[in-house]
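**Q** Give the three-dimensional model of this entry:
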Amino acid sequence: MDKEKCYEALDAIISISIYQGYLAGICGKSSGRHYTFDSKCDETNSDFKKLLNDLKNMNN
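**A** Numbering: from 1, shown residues only. Now for the predicted structure:
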C-alpha cells in the first residue's frame, strides 16, 4: 500500500469517527462504545450507511 492511499484511508476513518460522534450527540445516548439512535434519526443514519458503502466500493 502506498503512502497516499494510506493517508486517504486514514482521512476517511477520521471523518467517519467525527460523523459518528456528531450523530451520537444529536441522535442518541452514548453508552460505552455503543450508540443508540432515536427513530427520528434513522434517516440520517441511513445516509451515513450509504456513505460507508460508497467508501467501501471506492476501495474495491
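**Q** CA atoms for contacts and neighbours, from now on please.
**A** Will do.
**Q** what's the helix or strand hosting Ile13 packed up against?
**A** Using DSSP states H and E, Ile13 maps to helix 3-27. Under the contact criterion of 3 or more Cα pairs under 8 Å, 6 or more residues apart in numbering; DSSP states H and E, the helices and strands touching helix 3-27 comprise strand 34-37, helix 42-59.
**Q** where does the protein dip in pLDDT?
**A** Within the chain, the stretches with pLDDT under 70 are 1, 23-47, 59-60.
**Q** ok, now with 50
**A** Counting by pLDDT under 50, the chain contains low-confidence residues at 30-31, 33-35.
**Q** now Gln20: how far from Ile13?
**A** Taking Cα to Cα, to the nearest Å as the criterion, Gln20 is separated from Ile13 by 10 Å.
**Q** Same question for Lys56.
**A** From Lys56 over to Ile13 (counting by Cα to Cα), the distance is 11 Å.
**Q** quick one: which of these two has more around it?
**A** Taking Lys56 and Ile13 together and counting by other Cα atoms under 10 Å, Ile13 has the greater number of neighbours (14 against 10).
**Q** Tell me which residues touch that one, please.
**A** Residues near Ile13 by Cα atoms under 8 Å, 6 or more residues apart in numbering: none.
**Q** Around Ala12, how many other residues sit close by?
**A** Quick note: Ala12 (other Cα under 10 Å) scores 14 neighbours.
**Q** Find me whatever residue is spatially closest to it, sequence neighbours aside.
**A** Leu55 (7.9 Å; Cα to Cα, 6 or more residues apart in numbering).
**Q** Can you tell me how far the one you found is from Gly21?
**A** In this structure, Leu55 and Gly21 are 18 Å apart, going by Cα to Cα.
**Q** and Leu55, how many neighbours?
**A** The criterion is other Cα under 10 Å. On that basis, Leu55 has 14 neighbouring residues.
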